[in-house]
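Enquirer: generate coordinates for the sequence data below:
(one chain, ligands or ions: 1)
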Amino acid sequence: MASALTSIRVSGDDIEIVNQLLLPHVIEFIPITSIEEAHDAIKSMKIRGAPAIASLAALSLSSYISKALKADPQPPFLSGKDALRKHIQPLIDYLNTSRPTAVNLGAAMRRLSALLERVALDESVDVPQAARQLIEEGRAVADEDVGRNHAMAKLGADWLEGRAKQLGNDEKLNVLTVCNTGSLATSGYGTALGLITNLHETGRLGRAYFTQTAPYHQGSRLTAMELQALKIHSVMICDTMVGSLFQNHKIHGVVVGADRIAKNGDTANKIGTYNAAVLAARHKIPFVVVAPISTVDMAIPDGSHIPIEQRPAIEACLVRGAIYPPPDKDKPSQAVVMFTPPGLDADSIYNPSFDVTPAELITAIVTEKGVATRKEGEEVFSLNSVV
Ligand SMILES: CSC[C@H]1O[C@H](OP(=O)(O)O)[C@H](O)[C@@H]1O
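Expert: This next block holds a predicted model:
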């Protein structure tokens with residue numbers, strides 16, 4: 001199978017991430033040696049993608065505890081259960097502030113907080129054992145990701161093929177995706193891009209279309225690179241061309257990832273997803289969300305409760321070059337081009353990083369547990385069977 005790119009590399013306590021701000025022109029792995037560096041990498045989008053940022057946050061906590069134990073078998077925060085809880089919980093809370101919309105990060109941090117609470121209260125577990133359990137749990141968050149991506153990819157691919165056949169289609173499937181949901185957005189294989197990869201590997205894929213996904217260009221910079229590495233024949237379109245594509249080409253499905261799915265199925269995903277969903281409904285094209293169970297937030301009733309991250313105005317003004325971030329006085333970058341006249345400031349730019357697609361525009365929601373569809377005449381989902 002063709003190699004795919006890797007978002008995170010782990011060797012014992014050592015963590016490296018590929019700096020996604022430099023892709024596709026520069027492939028540079030940078031070490032993440034502290035909780036603060038992990039937080040910065042997520043916030044600045046050196047690493048992005050809902051599952052990938054959850055994995056990095058969890059791994060960075062594991063590495064922190066493991067390295068502290070190796071440096072000093074009795075670090076102060078291991079002097080007792082209370083000290084452990086008082087030291088570790090603020091680190092978990094801090095990691096959770098790095099980006100607001102993707103719920104996978106919050107789910108991973110809640111999972112580690114719950115374990116911390118359990119071991120702190122469990123008198124049968126001593127402090128070193130508690131520390132080891134936290135280390136293992138953080139690593140498990142990342143390790144579990146690839147297997148579930150393969151599972152949801154197959155479930156989604158099989159469902160999409162079945163739906164296409166129901167609609168009288170026996171050709172290979174042409175699908176459109178938005179943003180990047182592959183190995184660079186996860187711990188491997190991907191979610192929506194995993195579904196496309198499964199269709200390719202099983203000889204069921206016609207053509208994969210993807211949008212550039214301005215302003216961060218996850219499509220033209222990252223998805224293009226991943227599909228090339230996977231040797232999948234694909235076609236890139238500008239975000240504004242989705243309607244024309246649907247008017248002039250046979251598309252059997254739109255498959256996208258998610259950052260947070262509300263209890264009723266409303267889904268927050270990369271900006272531009274809602275546009276594609278409205279156009280897919282107009283053209284009666286199945287619209288499929290592919291995401292792990294950790295993306296579903298059953299605590300919120302609908303999409304109006306999902307926090308939408310507003311990104312810095314400067315990011316919306318740049319034509320992506322080889323080198324990002326924007327040039328600064330110490331390191332003038334030769335590759336970044338300002339796309340707008342100077343002087344545009346935060347009040348002149350609207351730059352939400354995500355939008356919310358209402359459940360009524362979504363045909364199916366796929367997790368590693370199954371495929372949910374809306375009941376006939378229903379505008380919302382019941383997701384209990386897939387979480
Ligand atoms: C499987 S990645 C999910 C989700 O994350 C991406 O956002 P970002 O690149 O800003 O982290 C995009 O919305 C993907 O669909």
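
Enquirer: now for the residue in the stretch 251-387 of the chain that the ligand sits nearest to: which residues touch it?
Expert: Proximity to the ligand, evaluated over the stretch 251-387 of the chain using C-beta to the nearest ligand atom, is greatest for G257 at 3.0 Å. (C-beta placed from N, C-alpha, C; glycine too.) The contact partners of G257, taken as C-beta atoms under 8 Å, 6 or more residues apart in numbering, are 49-50, 179, 181, 185, 190-193, 269-270, 289-291.

Enquirer: and the host helix or strand of I365, what's its mean pLDDT?
Expert: Assigned by DSSP states H and E, I365 belongs to strand 364-367. In this model, strand 364-367 carries a mean pLDDT of 98.

Enquirer: and stretch 28-37, by the same measure?
Expert: Rounded mean pLDDT across stretch 28-37 is 96.

Enquirer: so how far does it reach from one end to the other?
Expert: Separation of the first and last residues of stretch 28-37 by C-alpha to C-alpha, to the nearest Å is 16 Å.

Enquirer: show me what counts as buried in it.
Expert: The neighbour-count check on stretch 28-37 (16 or more other C-beta atoms under 10 Å) flags 32-33, 35, 37 as buried.

Enquirer: same question, stretch 153-169
Expert: Result for stretch 153-169 [16+ other C-beta under 10 Å]: buried residues 153-161, 163-164.

Enquirer: which parts of the stretch 201-350 of the chain are helices?
Expert: For the stretch 201-350 of the chain, the helices defined by DSSP state H, counting those that start in this stretch occupy 224-229, 242-248, 273-282, 313-317.

Enquirer: can I get those helices in a markdown table with distance to N351?
Expert: Shown next, in a markdown table, are these (distance: least, C-beta to C-beta, whole Å):
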| stretch | distance to N351 |
| --- | --- |
| helix 224-229 | 22 |
| helix 242-248 | 20 |
| helix 273-282 | 15 |
| helix 313-317 | 4 |
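
Enquirer: just send those back as a markdown table, with mean neighbour count, mean pLDDT and distance to the ligand too.
Expert: Output for these, formatted as a markdown table (neighbours: other C-beta atoms under 10 Å; pLDDT from 0 to 100; distance: least, C-beta to the nearest ligand atom, whole Å):
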| stretch | mean neighbour count | mean pLDDT | distance to the ligand |
| --- | --- | --- | --- |
| helix 224-229 | 20 | 96 | 12 |
| helix 242-248 | 15 | 98 | 15 |
| helix 273-282 | 20 | 98 | 7 |
| helix 313-317 | 18 | 69 | 11 |
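
Enquirer: just the CA trace of stretch 262-280, in PDB.
Expert: Coordinates of each C-alpha in stretch 262-280 appear next as PDB, following Å, rounded to 0.1, in the frame of the first residue of the first chain:
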ATOM      1  CA  ALA A 262     -24.300  17.700  18.500                       C
ATOM      2  CA  LYS A 263     -26.800  15.300  19.900                       C
ATOM      3  CA  ASN A 264     -29.300  16.000  17.100                       C
ATOM      4  CA  GLY A 265     -26.700  15.500  14.400                       C
ATOM      5  CA  ASP A 266     -25.900  19.200  13.700                       C
ATOM      6  CA  THR A 267     -22.200  19.100  12.700                       C
ATOM      7  CA  ALA A 268     -19.400  21.600  13.000                       C
ATOM      8  CA  ASN A 269     -16.700  21.100  10.400                       C
ATOM      9  CA  LYS A 270     -14.200  23.200   8.400                       C
ATOM     10  CA  ILE A 271     -15.600  26.400   6.900                       C
ATOM     11  CA  GLY A 272     -17.100  25.700   3.600                       C
ATOM     12  CA  THR A 273     -18.700  22.400   4.600                       C
ATOM     13  CA  TYR A 274     -22.100  24.000   5.000                       C
ATOM     14  CA  ASN A 275     -21.900  25.500   1.500                       C
ATOM     15  CA  ALA A 276     -21.200  22.000   0.100                       C
ATOM     16  CA  ALA A 277     -24.100  20.500   2.100                       C
ATOM     17  CA  VAL A 278     -26.600  23.000   0.800                       C
ATOM     18  CA  LEU A 279     -25.400  22.300  -2.800                       C
ATOM     19  CA  ALA A 280     -25.500  18.600  -2.200                       C
END
